[in-house]
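Chemist: Below are the sequence and a predicted model for it; my questions follow.
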Amino acid sequence: MSTYDDVERTGMSTQDVEETGMTERAMVLDFPGADELVAAGRIEPPSAQALARALAGIEAAVAAQEAGREKGAVVSTPLRGMSGRRRVLVGLFTAAAVAAGVVTYANTSETPTGTRSEARADTLSVFLDDISTVAAAQSVSSGKYWKTHLTVGDSYLSQSMDFYVVNNGKAYKKGHQPDWQFGPKDLDWKALDQLTTDPAKLLQLLQTPPRPKSISPFDQAVTLLGGSPASPKLRAGLFKAMAGLKGVKLVGTVKDSTGRGGTALEFAEAKSVGRVIVDPKTSSILEYTFTWTAGASKGKVTHQTYLSVGFTDKIG
């Protein structure tokens, strides 16, 4: 690209470009907050909530700067040809975007080159907060049965906790499904509807010392999120509560066994690792994988891939 192209694109003088020797990329990133943006990772289309927060910051900055001009206050001095107003606004937008969590939810431990990433340490909380908002926005529905469509087949759960599977188009009753474990509680369909939706209270229940043969708090939350008729408000509370569980790690963008993209979370115990893949656009659980990492079952992997879940009034 020529010097005059740089002048046309950036508004810099020819002398500025020639003296600084800046590349186009350097000029594009020459604003406050650029280093933080680069460290945070690739930018994805923001959620409505995140965009609103970012735009609110920009509007406030514009108003404040215009007020300063009217009063004769000193405003930002143009640097390297870019107007002070533009530099300040771009910088504020960047800061607002990063602060709002509008960055790719990536693995915060390694980059493709194997070096330590400087991405935000609280990206897990940001992701779970965002996905909680998505979950809460889902429509409320109801039905006689809760249908779970897995890659291995369909199952139905009645409100009285009777469990059915469909094989070759015919439904078979497989008995009574055990209640869902949740902290010190055992939940049937009715009790699930009566469970608190407050994230702090849900976290407190999950952190209650486990009973004998209890599954992990992470597994308890994931089971309700993926395999129960939990309401949108309850699912939102569960996602936020998970952010408070020690040991939960954000893996980043992955694909499930069917090739669908999602965001993975992991929880490691002494002898196993549980991984759940969540669709960030809908809050749906795409897949849950459980891997034994020690003991007699070391290397054994089980997983459930959810193609769809939802209410229905009939079986089949």
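Modeler: Good, I have the coordinates. Residues are numbered from 1 along each chain as shown.
Chemist: Give the closest residue to P217 in space, chain neighbours not counted.
Modeler: L206 (4.0 Å; CB to CB, 6 or more residues apart in numbering). In this view, the C-beta of every residue, glycine as well, is placed from N, C-alpha and C.
Chemist: I figured the one you found hits S216, correct?
Modeler: No. Assessed by CB atoms under 8 Å, L206 is found out of contact with S216, at 9.2 Å.
Chemist: quick one: which of those two has more around it?
Modeler: Higher neighbour count among L206 and S216: L206, with 21 against 18, using other CB atoms under 10 Å.
Chemist: check contacts around that one.
Modeler: F182, G183, P217, Q220, A221, A241, L245 (CB atoms under 8 Å, 6 or more residues apart in numbering).
Chemist: 7 Å - rerun?
Modeler: L206 sits next to G183, P217, Q220, A221, A241, L245 when contact means CB atoms under 7 Å, 6 or more residues apart in numbering.
Chemist: Please narrow the residues you listed to those residing in strands.
Modeler: With DSSP state E as the criterion, strands contain none of the contacts of L206.
Chemist: Among the residues you listed, which are located in helices?
Modeler: P217, Q220, A221, A241 (DSSP state H).
Chemist: State the pair within these that is farthest apart.
Modeler: Spatial extent of the ones in helices among the contacts of L206 (CB to CB) is set by the pair Q220 and A241 at 10.2 Å.
Chemist: show me where this structure has strands.
Modeler: Assignment of strands within the chain using DSSP E yields the ranges 145-150, 153-158, 162-167, 170-176, 180-182, 185-187, 248-255, 261-268, 272-278, 285-292, 301-312.
Chemist: Redo the ones you listed as CSV? Include mean pLDDT.
Modeler: Formatted as CSV, the strands of the chain follow (pLDDT from 0 to 100):
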stretch, mean pLDDT
strand 145-150, 95
strand 153-158, 94
strand 162-167, 92
strand 170-176, 89
strand 180-182, 94
strand 185-187, 91
strand 248-255, 95
strand 261-268, 96
strand 272-278, 96
strand 285-292, 96
strand 301-312, 95
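Chemist: want to throw the ones you listed into CSV with distance to P199?
Modeler: Shown next, in CSV, are these (distance: least, CB to CB, whole Å):
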stretch, distance to P199
strand 145-150, 23
strand 153-158, 26
strand 162-167, 30
strand 170-176, 31
strand 180-182, 14
strand 185-187, 16
strand 248-255, 14
strand 261-268, 16
strand 272-278, 17
strand 285-292, 18
strand 301-312, 22
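Chemist: Using a markdown table, please lay out those together with mean neighbour count and distance to P229.
Modeler: Shown next, in a markdown table, are those (neighbours: other CB atoms under 10 Å; distance: least, CB to CB, whole Å):
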| stretch | mean neighbour count | distance to P229 |
| --- | --- | --- |
| strand 145-150 | 18 | 4 |
| strand 153-158 | 17 | 8 |
| strand 162-167 | 15 | 13 |
| strand 170-176 | 11 | 16 |
| strand 180-182 | 21 | 10 |
| strand 185-187 | 15 | 11 |
| strand 248-255 | 17 | 24 |
| strand 261-268 | 19 | 21 |
| strand 272-278 | 21 | 18 |
| strand 285-292 | 20 | 13 |
| strand 301-312 | 14 | 7 |
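Chemist: out of those, nearest to V134?
Modeler: Of all the strands of the chain, strand 272-278 sits nearest to V134, with 9.4 Å by CB to CB.
Chemist: so where's this structure shaky on pLDDT?
Modeler: Counting by pLDDT under 70, the ranges of the chain that qualify are 1-122.
Chemist: Once you drop chain neighbours, what's closest to T196?
Modeler: L202 (6.3 Å).
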